[in-house]
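Asks: From the sequence below, what's the structure:
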Amino acid sequence: MAYVDERNVTGLAGEYGVPADVATELAGLLRPCVLLVRKADLPDADREEVLPAGLTGGLPPLPGGEVRGGDGGAPADPFVLAVDCAALPRDFLDIEIPSDGQLLFFTTFEYEPEDSTLLHVPADGSIRERPSSGNVGGGPRTVVYEPRLLYPVPGLTIDHDWRSGDLVRTFLDGAGGSDGAGEGDGAGEGDGDGFGAGAEVLDRFVEALVNSVHAGTPPHSVAQIGGFSDQWQVPPDQDGLVLLAQISGNGVDHGLFTLNLVVGTRQDIAAGRWENLHFEQQC
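Replies: From the prediction side, this is the model:
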């Protein structure tokens, strides 16, 4: 599926001085995602029409009976995010997640997320807001965050290694601006950042390409479902793993400046083998 209109790609290529074949190669490296944002961060045109698709904080909407995580025990970490699967725009997801029900994320932003849990609560069950048994009895992990609704916004992401494409490398080499330029060969002089003119052109084009799905700058997101991660360190979504979700710590608690990422194979995500997923924290 093409997530950016071909005419839009051609127009941006002409605007930024990028050859058409290079632009097409880069457009082929795009993957869609769904951004979950606060209502105040929605584009003005969408503010009255978009329905919520997620919730941070509060008590988790759990089914009756004892709830257990992937290791057979109750979720040990705080509840941080609920995602309403049916409310997500499916045209902007290229991973298979349940068609309905809710995905509940239990994790911590204060410690390594070793005890994190992901649950799927089907839509056809009886649920009520209540603490999981792991959040009862006091202790450092019984925190309940302030509940805030989240709204879905379609987004685009690009492969972390987009600079390694054959046509991109040829363009960078021909423009004297490979991303390693400026180290002892004089390339990139005058631009002040150690990158050549070709790399600067491509950086601006890629930013415009990724943002083309929005009417301007993308909104600030609390969480992202699918796509490539917007990681702060080494991307965990590589070597056969894809991103299911990333959650910003300060979107849940303003004092927590960490990023939690949830990755797994496409097969495990599609089959709902949540216990096989990996939580990673970056800061």
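Asks: dump the residue contacts of Asn211.
Replies: Contacts for Asn211 were tallied using CB atoms under 8 Å, 6 or more residues apart in numbering; they are 156, 217-218. All C-beta spots, glycine's among them, are computed from the backbone N, C-alpha and C.
Asks: can those residues go into a markdown table with extra columns for secondary structure, neighbour count and pLDDT?
Replies: Output for those, formatted as a markdown table (DSSP: H, G, I helix; E, B strand; the rest coil; neighbours: other CB atoms under 10 Å; pLDDT from 0 to 100):
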| residue | secondary structure | neighbour count | pLDDT |
| --- | --- | --- | --- |
| Leu156 | strand | 22 | 96 |
| Thr217 | coil | 9 | 82 |
| Pro218 | coil | 18 | 85 |
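Asks: how about those in CSV, adding distance to Gly14?
Replies: Shown next, in CSV, are the contacts of Asn211 (distance: CB to CB, whole Å):
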residue, distance to Gly14
Leu156, 20
Thr217, 22
Pro218, 23
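Asks: could you show me where the strands are in the stretch 101-250 of the chain, in order?
Replies: 102-106, 117-121, 127-129, 148-158, 223-225, 242-248 (DSSP state E, counting those that start in this stretch).
Asks: which residues sit against the second one?
Replies: Same thing as strand 117-121. Contacts for strand 117-121 (CB under 8 Å, 6+ apart): 61-63, 67, 69-70, 75-77, 98, 101-107, 127, 244, 262, 272, 274, 277.
Asks: ok, of the contacts of Asn211, which one's closest to Asp268?
Replies: Taking CB to CB as the measure, Asp268 sits nearest to Leu156 out of the contacts of Asn211, at 24.4 Å.
Asks: Point out where the stretch 151-283 of the chain drops to low pLDDT.
Replies: 176-195 (pLDDT under 70).
Asks: so what's Val262 bridging to?
Replies: Ala245, Phe279 (DSSP bridges).
Asks: tally of neighbours for it?
Replies: Under the neighbour criterion other CB atoms under 10 Å, Val262 is assigned a count of 27.
Asks: quick one: contacts for the closest residue in space to Gly216 that isn't next to it in sequence?
Replies: Excluding the flanking residues, the one nearest Gly216 by CB to CB, 6 or more residues apart in numbering is Pro43, at 7.9 Å. The contact partners of Pro43, taken as CB under 8 Å, 6+ apart, are 153, 214-216, 219.
Asks: let's see 10 Å
Replies: Residues counted as contacts of Pro43 (CB atoms under 10 Å, 6 or more residues apart in numbering) are 37, 50, 153, 214-219.
Asks: Let me see the ranges of the helices in this protein.
Replies: For the chain, the helices defined by DSSP state H cover 6-16, 20-27, 166-174, 197-211, 249-252, 266-271.
Asks: Same list (these) but as CSV, adding distance to Gln281.
Replies: Shown next, in CSV, are the helices of the chain (distance: least, CB to CB, whole Å):
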stretch, distance to Gln281
helix 6-16, 35
helix 20-27, 30
helix 166-174, 31
helix 197-211, 25
helix 249-252, 8
helix 266-271, 20
